[in-house]
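[1] here's my sequence, what's the structure:
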Amino acid sequence: MGSLATGVPTAVFASRNPDKARELEALMPGWRIEQLAADIFPPEVGDSYYENARAKALFGRSVEKRQLWVLGEDSGIEVAALDWGPGVFSARFGADDPVGRLLAELVGIESDGRRARYVCELVAVAPDGRELRGTGILEGRIGHEPRGSEGFGYDPIFVPEGEAITVAELGNAWKRSNSHRARAARALLEALDT
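    Model prediction:
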């Protein structure tokens, strides 16, 4: 990474979500992550996480005048019983109570129908327009009730494969090493190093 910039490399994150910005900074050791200063962001209209993440990164690149990397991110949860939805609509699923809506959709669903995965796509655009990406997937299942106090989003009901408790119970330290976003960040850092 030293070849990319002198001093501490900085990336601008094209998102309004401060939780994701803080999480990304923790996931990209040695990098400083700043949020993009913009009042309006483009709507998420892509058919895939990659399309949405790339659109955000390209938008950020068009707005950011400094010679810094720009990051775009899209992520979501996919559930077997919902034909692997809500997917790219995860952020808008259930309005103010996405966890409540997801649990309501799964009433009476057991076993295989509760299989789920978190997916994260990160796209980085360099000052010269070069694009890199990192993808991360965390397999698991949906629990029957919210448990735990750490994390955010669907973490109180997502039980990772091989675990007996939710991401919110496993906590932020666990997330920094194992989440879908952690996996995407590692893949992106590997791409940046090549």
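[2] rest of the way, CA atoms for contacts and neighbours
    Will do.
[3] now the strands for the chain?
    10-13, 32-35, 69-79, 85-86, 115-125, 131-142, 158-160 (DSSP state E).
[4] now tabulate those strands in CSV and tack on distance to F152.
    Formatted as CSV, these follow (distance: least, Cα to Cα, whole Å):
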stretch, distance to F152
strand 10-13, 18
strand 32-35, 18
strand 69-79, 12
strand 85-86, 17
strand 115-125, 13
strand 131-142, 15
strand 158-160, 11
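[5] nearest to D193, of the ones you listed?
    When those are compared by Cα to Cα, strand 131-142 sits nearest D193, at 10.7 Å.
[6] that closest one: how far from the chain's middle?
    8 Å (Cα atoms, centre = their mean, to the nearest Å).
[7] hmm, which helix or strand of this protein has the shakiest average pLDDT?
    Sorting the helices and strands of the chain by mean pLDDT, DSSP states H and E puts helix 18-27 at the bottom, at a mean of 88.
[8] and that one, how far from the chain's centre?
    In terms of Cα atoms, centre = their mean, the gap separating the centre of helix 18-27 from the centre of its chain is 10 Å.
[9] and the residue lying farthest from the centre of the chain, what's its pLDDT?
    Outermost residue of the chain with respect to the C-alpha centroid, by Cα atoms, centre = their mean, is G108; its distance is 28.8 Å. We have a pLDDT of 96 for G108.
[10] great, nothing more from me.
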